[in-house]
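next come a sequence and a model predicted from it.
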Amino acid sequence: MRRIVEGVRRFQHEIFPQKQDLFRRLAGGQAPRALLVTCGDSRLVPDLLMQTEPGELFICRNAGNIVPAYGASTDGVSATIEYAVVALGIRHLIVCGHSDCGAMKGVLYPDSLRTMPTVAAWLRHADAARHVVEALYPDRPEVEKLELLARENVLAQLANLLTHPAVAARLACGTLDVYGWYYEIATGAVLAWDGDSGRFVPLESEERVPCASPRPHWVEG
């Protein structure tokens, strides 16, 4: 705990004075560039990974970067998504999973969650991903299955995301884009789901950011 308190003091005395103008502007409101739904894993630090400043990311973290389907429950993730899209007018929404995910280990080995019934119930929102991996990759080594599951879970949560009315409406109008990312802790690599090619590709070029969004609706006259 002492290390954490020392960090707060360093922020107050060294970092904050350098960014005082930024925080003065942010004190009056926020206009983040994107909503990031990601895992609560301590090894994934969004502002470090994306090199963003305070005020640029609206972040929602939970075990397994889960997005419950709309109506499945009244939960904080759904409320955060709705607020970000409707109240803040966010135009970019990223679901980001990662390697060596403890939540995905729980999905792959449900017996390990016997003493954590709340976690087990939450991770049922990832059942679709587990069934896909079991169907497509039954003979793969367990380590490989875990990484495949983390990626499939990103796609499963993107599918759940599309059931949210606020998201669906803005996707239909072309005023929102959604992205599915996978972060490799050991290498720093980020893979992005490319909806056009139907595969994860390296996130390398600023000119074309692979997008998972369905096409906007054609409005008939």
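Okay, I see it. For clarity, every value in this text was computed on a predicted model and none was experimentally measured.

Leu36 falls within a strand, correct?
Yes - assessed with DSSP: H, G, I helix; E, B strand; the rest coil, Leu36 lies in a strand.

go ahead and confirm it touches Glu56.
No - if you go by CB atoms under 8 Å, Leu36 and Glu56 don't touch, sitting 10.0 Å apart. All C-beta atoms are positioned from the backbone trio N, CA, C, and that covers glycine.

ok, these two, which is more surrounded?
More crowded of Leu36 and Glu56, by other CB atoms under 10 Å: Leu36, with 26 against 16.

tell me what the longest helix along the chain is packed against?
Criterion DSSP state H: the longest helix present in the chain is helix 142-161. On a contact count with 3 or more CB pairs under 8 Å, 6 or more residues apart in numbering; DSSP states H and E, helix 142-161 meets strand 92-98, helix 102-108, helix 127-136, strand 177-183, strand 190-194.

so who does Arg61 touch?
Residues in contact with Arg61, defined by CB atoms under 8 Å, 6 or more residues apart in numbering, are 37-40.

apply 10 Å and report the result again.
The contact partners of Arg61, by CB atoms under 10 Å, 6 or more residues apart in numbering, come to 36-41, 44, 46, 77, 80, 96.

ok, back up a step: now do the longest helix of the chain: distance to the chain's middle.
In terms of CA atoms, centre = their mean, to the nearest Å, the centre of helix 142-161 is set 12 Å apart from its chain centre.

in it, what's buried?
145-158, 160-161 (16 or more other CB atoms under 10 Å).

what residues sit buried inside the helix or strand following it?
Downstream of helix 142-161, the next assigned helix or strand under DSSP states H and E is helix 165-173. Buried positions in helix 165-173, judged by neighbour count with 16+ other CB under 10 Å: 166-167, 170-171.

shaky segments in the chain?
Along the chain, the model assigns pLDDT under 70 to residues 205-206, 217-221.

got a markdown table for the helices and strands packed on helix 142-161, with distance to Phe200 and mean neighbour count too?
Compiled in a markdown table, the helices and strands packed on helix 142-161 are given as follows (distance: least, CB to CB, whole Å; neighbours: other CB atoms under 10 Å):
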| stretch | distance to Phe200 | mean neighbour count |
| --- | --- | --- |
| strand 92-98 | 10 | 24 |
| helix 102-108 | 15 | 21 |
| helix 127-136 | 14 | 16 |
| strand 177-183 | 6 | 23 |
| strand 190-194 | 4 | 20 |
